[in-house]
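Colleague: sequence isn't available, so here's the structure alone:
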């Protein structure tokens with residue numbers, strides 16, 4: 001997801017949500033795109049319904065400019 005890092009409480013809200021879904025999260029990568037924007041890539045593994053719930057909550061945080069859940073099967 002791409003977000004404005006100046007938005008108050010965004011990072012705290014994101015971290016709180018991620019902690020609530022800790023069993024699904026494999027890794028998180030944080031990249032500073034420019035002075036205002038950050039990119040966070042979160043690798044997850046689990047049931048599609050739970051992954052969608054996590055993604056929906058993260059994308060809904062005020063200040064998130066773009067977010068998308070991309071899934072694949074292990075078949």
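Modeller: Yep, that arrived. Quick caveat, the model's predicted, so the values are computed rather than measured. Numbers count the residues shown, from 1 in each chain.

Colleague: report the contact partners of the nearest residue to residue 4 once chain neighbours are set aside.
Modeller: Beyond its immediate neighbours in the sequence, the residue positioned closest to residue 4 (Cβ to Cβ, 6 or more residues apart in numbering) is residue 63, lying 4.8 Å away. No exception for glycine: its C-beta is placed from N, CA and C like everyone else's. Each residue near residue 63 by Cβ atoms under 8 Å, 6 or more residues apart in numbering is listed here: 3-4, 7, 10.

Colleague: residue 63 and residue 3, how far apart?
Modeller: The span separating residue 63 from residue 3 equals 5 Å under the rule Cβ to Cβ, to the nearest Å.

Colleague: which residues are common contacts for those two?
Modeller: Both residue 63 and residue 3 are in contact with residue 10, where contact means Cβ under 8 Å, 6+ apart.

Colleague: helices of the protein, start to end?
Modeller: Defined through DSSP state H, the helices belonging to the chain, from first to last, are 10-20, 48-59.

Colleague: could I get those in CSV, plus columns for mean pLDDT?
Modeller: As requested, the helices of the chain are exported to CSV (pLDDT from 0 to 100):
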stretch, mean pLDDT
helix 10-20, 96
helix 48-59, 97
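
Colleague: and those as TSV, adding distance to residue 32?
Modeller: Supplementary listing: the helices of the chain in TSV, determined by distance: least, Cβ to Cβ, whole Å:
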stretch	distance to residue 32
helix 10-20	13
helix 48-59	18
